[in-house]
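Undergrad: Requesting a structural model of the entry that follows:
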Amino acid sequence: MHDSVATFYGGYDQVGLFRRAPARIPLRLVALGCAALALVSFVAADVSAYESRPALVGVTVVNWDVGNQLLTTSGGFTLHGSQSTALSLSCSSLCFLITGATVSPPFVLTGFTTTNHPIQYTNVTVQAPNSAYNGPMTITLQVAQK
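TA: Down below sits the predicted model:
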């Protein structure tokens with residue numbers, strides 16, 4: 001049964017009989033969404049890498065002490081947190097008999113060697129702190145008691 005008046009007004013009598021066209025997402029919108037998702041993931045990765053980088057440790061000057069007396073100074077350096085470095089001191093005349101060493105906190109002494117012939121070389125290996133630091137480092141050398 002068909003109503004001719006309904007046809008005149010746009011066929012409202014057959015409203016439930018037509019299939020609706022499937023919704024289509026424009027290809028440009030899909031490409032834009034994928035690009036935005038990739039950009040957000042790259043930014044998140046960069047932020048994560050920035051926050052997890054090791055702390056920077058800056059030593060302005062290295063003071064070499066014997067007891068409470070300043071023996072010499074050497075230039076500073078920069079390294080990453082928890083990184084180790086070796087420092088050396090040499091002496092060719094009127095040298096002390098060095099038996100050990102300590103370093104000022106927050107540094108940790110991890111190695112000590114000394115060679116006395118023909119020139120005295122004292123090698124100290126220190127490990128930097130985990131956290132950021134900027135300042136001097138003092139190495140105190142112990143000498144043999146006569």
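
Undergrad: Double-check that C34 belongs to a helix.
TA: Yes: the assignment for C34 (DSSP: H, G, I helix; E, B strand; the rest coil) places it in a helix.

Undergrad: That one and L27, how far apart?
TA: The gap separating C34 from L27 is 11 Å, by C-beta to C-beta, to the nearest Å. Where C-beta positions appear, they are placed from N, C-alpha and C, glycine not excepted.

Undergrad: what do you get for G81?
TA: Taking C-beta to C-beta, one finds G81 at 49 Å from L27.

Undergrad: Looking at those two, which is more packed in?
TA: A side-by-side neighbour count of G81 and L27, using other C-beta atoms under 10 Å, places G81 first with 16 against 8.

Undergrad: and the more buried one, what does it touch?
TA: P54, A55, L56, V57, A128, P129, N130, S131, A132 (C-beta atoms under 8 Å, 6 or more residues apart in numbering).

Undergrad: give me that answer again for 10 Å
TA: R53, P54, A55, L56, V57, Q127, A128, P129, N130, S131, A132, Y133 (C-beta atoms under 10 Å, 6 or more residues apart in numbering).
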